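Colleague: Dropping the sequence and predicted coords here.
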Amino acid sequence: MSAELLPPAPADLPSSHLYYREGGSDKVYQAWIEVQEAGYAVNFAFGRRGSALSTGTKTSSPVAYEAAVKIYEKIVGEKKAKGYTPEASGQAFAMTDKAGRISGRLPQLLNPINDSQALTYLESEDWFLEEKFDGRRLMAAVLAGQVEGSNRKGLVVSLPQEVADALVGAGDCVLDGELVGTKFWVFDVLSLGGSDLTTLPFSERAARRDSLTFTDTDSAQAVTSYRSPAEKTAAYAAIRNAGREGVVFKRASAPYKVGRPTAGGDQVKVKFYATCSAVVAKVNAQRSVALKLGDVNVGNVTVPVNFALPAVGEVVEVRYLYANRGGALYQAIYLGTRDDVDPGECGLDQIKYKAEGAEQNEEDEADSRGLSKADR
């Protein structure tokens, strides 16, 4: 063994904890060298932050210390080149040892409606309109200055530290909202000061929500609700024209109901573009992954350089223009991973299919804008 690179004591062997958070990704990667028999092993662990990590080794048998260091430095360097940092991507997280456990909190889920159906909701003052945000659905419970997040499955998850700090200003409460980057948009309050509010009509819950005080409005803020036909129509057009995801309509007189109704409901959503959750079937070359819905392959999507490449079997969210029956998603855009959706939920029933004869119109429109098929 080289005298220039003497191994340190076992307790001082190199190790790294790296983090990656961008878009829908929130991952951790650990690497370390440990003594193994007459040599050294380079081991690693990876997964979504707050969940159980998968483990592995880069050395199938013990190696010399110099070789272990080279392997270790190589994998750490590769992760840093992909955007992982030892500073949790510059963001501290409110971690919890309860991550992945059942919180006991489940959200109200919405059925979709289309543009033509939206007209009824726009014209009636019995319904509020709010923007639908393109983020991660989360609930947050604040109790005695401690904040606990949970996802749409009801499992406890970590929140960005700045969001947790901002929510403490609201006092003891249970909130429903959407995490977009490091900002939590609050669209409902289910409990306040220890009192259950779920049986109150939404109009009253919205008033309580709007009265909440957050310590930092850059990290937590109540959404804006519109009720008059004129306000709703203007907001609907503005949100759509801005290329935002969509809107939701909420019945003013309705209580909060956990789960999704079989049809209709007291809260419905209009999406201005189509998205679906798909399973990664294969990692291709050139930062591309193959997607499947159930057992059906639905094409590929390119993963932008500011996202970590998802692994085979992971669920990812994809925006697309339309799909042909039996064919691939058209103009697919990668949005990030989904830890709150199971692979079994990724079926063809999510898909917005292209009407017969409409595909050529899209081709003509793309041609008129000078787009080749590779650009679409």
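Modeller: Noted; the coordinates are in hand.
Colleague: by contact count, what packs against the longest helix anywhere in the chain?
Modeller: For the chain, the helix that runs over the most residues, judged by DSSP state H, is helix 65-81. Under the contact criterion of 3 or more Cβ pairs under 8 Å, 6 or more residues apart in numbering; DSSP states H and E, helix 65-81 touches strand 15-22, strand 25-36, strand 39-48. The C-beta positions use only the backbone N, C-alpha and C, and glycine is treated the same way.
Colleague: Would you mind writing the CA trace of the last one as CSV?
Modeller: Put plainly, it is strand 39-48. Output of strand 39-48 as CSV, limited to C-alpha atoms (Å, rounded to 0.1, in the frame of the first residue of the first chain):
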residue,chain,number,x,y,z
GLY,A,39,-9.4,-4.2,2.4
TYR,A,40,-12.0,-1.6,1.8
ALA,A,41,-15.5,-1.4,0.3
VAL,A,42,-17.3,1.6,-1.4
ASN,A,43,-21.0,1.5,-0.6
PHE,A,44,-23.9,3.8,-1.4
ALA,A,45,-27.5,4.5,-0.6
PHE,A,46,-30.1,6.5,-2.5
GLY,A,47,-33.7,7.5,-2.7
ARG,A,48,-36.3,10.2,-2.0
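Colleague: check contacts around the nearest residue to Arg319 once chain neighbours are set aside.
Modeller: Leaving aside its sequence neighbours, Arg319 sits nearest to Ile333 (Cβ to Cβ, 6 or more residues apart in numbering; 4.3 Å). Contacts were defined as Cβ atoms under 8 Å, 6 or more residues apart in numbering; by that measure Ile333 touches 301, 318-320.
Colleague: for Ala45, same thing?
Modeller: Applying Cβ under 8 Å, 6+ apart as the definition, the contact partners of Ala45 turn out to be 28-30, 53-56.
Colleague: Only the buried subset of those, as a PyMOL command please.
Modeller: In PyMOL, a selection of the buried entries from the contacts of Ala45 looks like this (16 or more other Cβ atoms under 10 Å):
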select buried, resi 28+29+30
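Colleague: List the buried residues for stretch 309-327?
Modeller: Of the residues in stretch 309-327, those scored as buried under the neighbour-count criterion (16+ other Cβ under 10 Å) are 310, 314-323.
Colleague: Of the contacts of Ala45, which one scores lowest on pLDDT?
Modeller: pLDDT across these is lowest for Leu53, at 70.
Colleague: My read is that it contacts Val28, right?
Modeller: Yes - if you go by Cβ atoms under 8 Å, Leu53 and Val28 touch, sitting 6.9 Å apart.
Colleague: Find residues that contact each of these two.
Modeller: Common neighbours of Leu53 and Val28 (Cβ under 8 Å, 6+ apart) are 45-47.
Colleague: Phe128: which of the residues you listed is nearest?
Modeller: Ranking those by separation from Phe128, with Cβ to Cβ as the measure, puts Gly47 on top at 38.9 Å.
Colleague: give me the beta-bridge partners of the closest one?
Modeller: Bridge pairing for Gly47 (DSSP bridges) gives the partners Val28.
Colleague: wait, Asp26 sits on Gly47?
Modeller: No - in this structure Asp26 lies outside contact range of Gly47 using Cβ under 8 Å: 10.2 Å.
Colleague: quick one, which of the two is more surrounded?
Modeller: Asp26 (25 against 16; other Cβ atoms under 10 Å).
Colleague: which residues touch that one?
Modeller: Asp26 makes contact with 20, 48-50, 158, 339, according to Cβ under 8 Å, 6+ apart.
Colleague: Over to Ala332?
Modeller: Under the criterion of Cβ under 8 Å, 6+ apart, the contact partners of Ala332 comprise 291, 299-301, 318-320.
Colleague: Restricted to strands, list the residues you listed.
Modeller: Residues from these lying in strands, with DSSP state E as the criterion: 291, 299-301, 318-320.
Colleague: Pull the most distant pair out of these.
Modeller: Checked with Cβ to Cβ, these reach their widest spread between Asn300 and Arg319, with 14.3 Å between them.
Colleague: ranges for the helices of the stretch 151-300 of the chain?
Modeller: If you assign secondary structure with DSSP state H, counting those that start in this stretch, the helices in the stretch 151-300 of the chain sit at 161-168, 202-210, 229-241.
Colleague: just to revisit the earlier point, quick one: the residue nearest to Arg319 and Val303, what's the gap?
Modeller: Distance of Ile333 to Val303, given as Cβ to Cβ, to the nearest Å: 10 Å.
Colleague: Go through the helices of the stretch 151-300 of the chain and find the least confident stretch.
Modeller: Minimum mean pLDDT among these: helix 161-168, a mean of 93.
Colleague: Please save the CA atoms from that helix in CSV.
Modeller: What follows is the C-alpha trace of helix 161-168 in CSV, where atoms were taken according to Å, rounded to 0.1, in the frame of the first residue of the first chain:
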residue,chain,number,x,y,z
GLN,A,161,-37.6,24.5,6.3
GLU,A,162,-38.6,28.0,5.2
VAL,A,163,-42.2,26.8,4.5
ALA,A,164,-42.4,25.2,8.0
ASP,A,165,-41.1,28.4,9.6
ALA,A,166,-43.6,30.5,7.7
LEU,A,167,-46.6,28.3,8.6
VAL,A,168,-45.8,28.5,12.4
